[in-house]
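Fold the following, please.
(chains A, B, C, D, E and F)
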There are 6 protein chains.
Amino acid sequence: MNKFERGLKIREQIIGEKASGSVTDSLKDIAPILDKYTQVAFDEMSNRDALNMQQREMITLTTLVTQGDTASQLRVHIQGALNVGLSQEEIVEIFIQCLPYVGFPKVLNAVSVAKEVFKQSSN
Amino acid sequence: MNKFERGLKIREQIIGEKASGSVTDSLKDIAPILDKYTQVAFDEMSNRDALNMQQREMITLTTLVTQGDTASQLRVHIQGALNVGLSQEEIVEIFIQCLPYVGFPKVLNAVSVAKEVFKQSSN
Amino acid sequence: MNKFERGLKIREQIIGEKASGSVTDSLKDIAPILDKYTQVAFDEMSNRDALNMQQREMITLTTLVTQGDTASQLRVHIQGALNVGLSQEEIVEIFIQCLPYVGFPKVLNAVSVAKEVFKQSSN
Amino acid sequence: MNKFERGLKIREQIIGEKASGSVTDSLKDIAPILDKYTQVAFDEMSNRDALNMQQREMITLTTLVTQGDTASQLRVHIQGALNVGLSQEEIVEIFIQCLPYVGFPKVLNAVSVAKEVFKQSSN
Amino acid sequence: MNKFERGLKIREQIIGEKASGSVTDSLKDIAPILDKYTQVAFDEMSNRDALNMQQREMITLTTLVTQGDTASQLRVHIQGALNVGLSQEEIVEIFIQCLPYVGFPKVLNAVSVAKEVFKQSSN
Amino acid sequence: MNKFERGLKIREQIIGEKASGSVTDSLKDIAPILDKYTQVAFDEMSNRDALNMQQREMITLTTLVTQGDTASQLRVHIQGALNVGLSQEEIVEIFIQCLPYVGFPKVLNAVSVAKEVFKQSSN
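Residues are numbered from 1 along each chain as shown, chains lettered A, B, ... in the order given. This is a model prediction of the structure:
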């Protein structure tokens, strides 16, 4: 396997095959290189030992809630966080931990996305 | 102990007595209520079990690197992360994990603060 | 009344009973503590004399327009600003005053939310 | 022609008559002064020689992708970029050039808006 | 008086003659048009009745604290707020009102600038 | 030459050998992988034809001014923009073009960095 294939496989493990396929599909006619770049990013990440996948998804959710305007990325990575074994309670607590640093609007927006993902995930 | 005293104690454990004292000193003449509010925030956080202190500092560093213009807060919480037991390698890896989501400028700014804190910390 | 009850009452006065109830409902299964925290925030605010409610809503609208990705919060607080006695003209002028500091995109987004709230409010 | 008329004409040339008319219509009852201000901004810009219109739209797209929460402005200015002669490939490359500086979420959001504009534009 | 002269005069009244002169001096060799544009912005603002100067400086401080990386602008407008008659207590309370919406880092950064301005202002 | 060597060479051409060496030096003990990643980013960029180096630096400056808290990156890339052949007038005009989209604080901060770089550059 080359770095793209390895990265694609990791991406499928984290965000799920369906979401991973959607990334590829949505980019294939307009910017396929961006699909490749995300694969490289996932491969690089998985080659590095200092943090495990649960910690990496925790960090990813935190950076998404903090920067705002990331509802679609939060949707993908809240599911990703569940996929790598974080509990619903831990995911919500990540957002609560952000509250003193980013304020209510960003936290409430993220919790609202989480609610929607948890509901679909339990169906 | 009331919530302020408990929060102050937690704050001292995480960011260190000296940094905690600096917060109180710098706010006492202009906005002492903000010092109280940070104590309440630390107390609330420590009352909640879903995440441990290492995870909370990991999240705190991530939100600080993502929002930018937080060099002085990063200084305090990089030391805080060391105090609760995160290694230098883990701290740098938190910033590296943020790279695909926030880009180089914010990550390089944070690494530069970490370098300075690690140097002082080893003296 | 304890601080939560007082805060809830203030919240109802400012954003209206219906919007306040929606906050509680939307958080009750996923993060009820965040509902409590907003109540504490409203109670704290109302205990402090240096600014009145009209000034506080003016500041709230300004911080929301500036940070972006806050359409749902703007919706609630534009109505809140009307509820505490700011006129439609004053609310629009708050956004215009932000123009030299934040640029057109954020201001036009906020005006677009205001237009929608004013229309519903007059029905 | 006065500055408003000149600015309006430039705005029509860049974003198209229909989008320009929508700006005027959407602001006329709530904040007509903002419509006037955008006209002045377009007039000022066209009076200055150091950059041409293609370069200016390139910069505009970059600032919109970087600040986030600007889907409706991106929609207008991606069409604007096409109108002043930038190719679809160049527009996508602008977003790709931003990747190392802003990260994937903002870039993927912008590419998604571009995809939608290119499709409508080719109908 | 033309709009530039009127705007310059308003700017001097709000931020003080010395700070206003510094703006002109710092821009005169590199981007004098930006000095002119700020004059037009101050003139426009003063022509509009819906908000008074105290309210406008309140909004200006709020937008500056919210966007971050504005220490030098905060310095000028905290003095400006004092010049138009806001008290030190009101200025600090503006920042405290922002806390639930932007979090501690931005608020503490702003309070730290205020402390410095208040000290110089009392000498 | 491998991708790292090619990227390093491009980086030296754009930001200059001295600044490129500083990046390597500052990262070598703490996060050498980030130095490698920037080399890959420069190599990727130079492999893509849709935009030339002047356009890429134009976009880079725009994204830096828009995100704020990037004084040290602006310093490097304003020099980079000069190195690839943009004039001082064009660089300042990039910042002026951003004004209607980001407001005065970010633009004035960037112009202030440009002034400093232009002065050193002419010595």
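
hey, which helix is longest across chain A?
For chain A, the longest helix by residue count, based on DSSP state H, is helix A:104-122.

list the buried ones in it?
Using 16 or more other C-beta atoms under 10 Å in any protein chain shown as the test for burial, helix A:104-122 gives A:104-115, A:117-118. For the C-beta atoms, the positions are set from N, CA and C on the backbone; glycine is no exception.

now swap in stretch A:70-78 and tell me
A:Thr70, A:Ala71, A:Gln73, A:Leu74, A:Arg75, A:Val76, A:His77, A:Ile78.

so, in contact with chain B or not, stretch A:40-60?
Yes: counting by C-beta under 8 Å from any C-beta of the partner chain, chain B is contacted by stretch A:40-60 at A:Ala41, A:Met45, A:Arg48, A:Ala50, A:Leu51, A:Gln55, A:Arg56, A:Met58, A:Ile59, A:Thr60.

and if you look at stretch A:100-111?
Yes: for stretch A:100-111, a contact with chain B is found by C-beta under 8 Å from any C-beta, at A:Pro100, A:Tyr101, A:Val102.

for the record, mean pLDDT for that stretch?
Taken as a whole, stretch A:100-111 carries a mean pLDDT of 98.

does the residue in chain A that chain D sits nearest to count as helix, strand or coil?
Taking C-beta to the nearest C-beta as the measure, chain A has A:Asp69 as its residue closest to chain D, at 3.9 Å. Here A:Asp69 is coil, with the state taken from DSSP: H, G, I helix; E, B strand; the rest coil.

In contact with A:Arg56, which residues are there?
By C-beta atoms under 8 Å, 6 or more residues apart in numbering or on different chains, the contact set of A:Arg56 is A:Met45, B:Gln97.

Look up how far A:Glu5 lies from it.
For A:Arg56, the distance to A:Glu5 (C-beta to C-beta, to the nearest Å) stands at 20 Å.

What is the burial count for the residue nearest to A:Ser46 when sequence neighbours are not counted?
Residue nearest to A:Ser46 in three dimensions, not counting chain neighbours: A:Ile10, with 4.6 Å by C-beta to C-beta, 6 or more residues apart in numbering or on different chains. Applying other C-beta atoms under 10 Å in any protein chain shown, we find 20 residues neighbouring A:Ile10.

ok, now which ones touch A:Ile10?
Per C-beta under 8 Å, 6+ apart, neighbours of A:Ile10: A:Phe42, A:Asp43, A:Met45, A:Ser46.

10 Å - rerun?
For A:Ile10, the contact set (C-beta atoms under 10 Å, 6 or more residues apart in numbering or on different chains) comprises A:Ser20, A:Gln39, A:Ala41, A:Phe42, A:Asp43, A:Glu44, A:Met45, A:Ser46, A:Asn47, A:Met53.

And A:Glu116, by the same measure?
A:Ala71, A:Leu74, A:Arg75, A:Ile78.

Assess the claim that A:Ile91 and A:Gly85 are in contact.
No: judged on C-beta atoms under 10 Å, A:Ile91 makes no contact with A:Gly85 at a distance of 11.0 Å.

okay, and the common contacts of the two?
By C-beta under 10 Å, 6+ apart, the residues touching both A:Ile91 and A:Gly85 are A:Glu57.

and these two? which has more neighbours close in?
A:Ile91 (23 against 11).

Summarise which helices and strands the helix or strand hosting the more buried one is packed against.
In the assignment (DSSP states H and E), A:Ile91 maps to helix A:88-102. If you count contacts as 3 or more C-beta pairs under 10 Å, 6 or more residues apart in numbering or on different chains; DSSP states H and E, helix A:88-102 packs onto helix A:53-67, helix A:71-83, helix A:104-122, helix B:32-46, helix B:53-67, helix C:32-46, helix E:88-102, helix E:104-122.

Mind listing what's buried along the first one?
Of the residues in helix A:53-67, those scored as buried under the neighbour-count criterion (16+ other C-beta under 10 Å) are A:53, A:55-67.

ok, the residue nearest the centre of chain A to D:Thr70 distance?
Against the mean C-alpha coordinate of chain A, by C-alpha atoms, centre = their mean, the closest residue is A:His77 at 2.2 Å. With distances taken as C-beta to C-beta, A:His77 is found 22 Å from D:Thr70.

Same check on A:Ala31?
In terms of C-beta to C-beta, A:Ala31 sits 19 Å off from D:Thr70.

Which residue ranges make up the domains of chain A?
According to automatic domain parsing, chain A comprises the domains A:1-50, A:52-123.

Distance to E:Met1 for those - can I get that in JSON lines?
Formatted as JSON lines, the domains of chain A follow (distance: least, C-beta to C-beta, whole Å):
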{"stretch": "domain A:1-50", "distance to E:Met1": "53"}
{"stretch": "domain A:52-123", "distance to E:Met1": "42"}
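
Determine which of those approaches D:Gly16 most closely.
Nearest to D:Gly16 among the domains of chain A is domain A:1-50; the distance by C-beta to C-beta comes to 21.5 Å.

Residue numbers of chain A in contact with chain F?
Selection of chain A residues close to chain F by C-beta under 10 Å from any C-beta of the partner chain yields A:Ile33, A:Lys36, A:Tyr37, A:Val40, A:Ala41, A:Glu44, A:Asn47, A:Arg48.

Would you agree A:Val102 is in contact with C:Thr70?
No: judged on C-beta under 10 Å, A:Val102 makes no contact with C:Thr70 at a distance of 11.8 Å.

Next one: the closest residue to A:Gly68 other than its chain neighbours relative to C:Val107, how far apart?
Closest residue to A:Gly68 apart from its sequence neighbours, by C-beta to C-beta, 6+ apart: C:Asp69 at 3.9 Å. Distance, C:Asp69 to C:Val107, using C-beta to C-beta: 15 Å.

Get me the contact residues on chain A for chain D.
So chain A meets chain D at A:23, A:26-27, A:29-31, A:33-35, A:37-38, A:41, A:63-64, A:67-74, A:76-77 (C-beta under 10 Å from any C-beta).

from the chain's centre, how far out does the longest helix of chain A sit?
Remark: helix A:104-122 is offset 13 Å from the chain centroid, using C-alpha atoms, centre = their mean, to the nearest Å.

wait, what's in contact with A:Ile78?
A:57, A:60-61, A:64, A:86, A:88, A:91-92, A:94-95, A:110, A:113-118, A:121.

typo on my end, A:Leu82
A:Gly16, A:Glu57, A:Gln88, A:Glu90, A:Ile91, A:Ala114, A:Val117, A:Phe118, A:Ser121.

State the pair within those residues that is farthest apart.
Most distant of those, by C-beta to C-beta, are A:Gly16 and A:Glu90, 18.5 Å apart.

what about chain A, any weak spots by pLDDT?
Regions of chain A meeting the criterion pLDDT under 70 cover residues A:123.

Which residue, neighbours along the chain excluded, lies closest to A:Gln55?
B:Met58 (6.6 Å).

now A:Lys9
A:Met1 (7.4 Å).

quick one on the thing from earlier: in contact with the closest residue to the residue nearest to the centre of chain A other than its chain neighbours, which residues are there?
Using C-beta to C-beta, 6+ apart and skipping the chain neighbours, the partner closest in space to A:His77 is A:Thr60 (5.1 Å). By C-beta under 10 Å, 6+ apart, the contact set of A:Thr60 is A:14, A:45, A:73-74, A:76-78, A:80-81, A:94, B:62, B:97-98, B:100-101.
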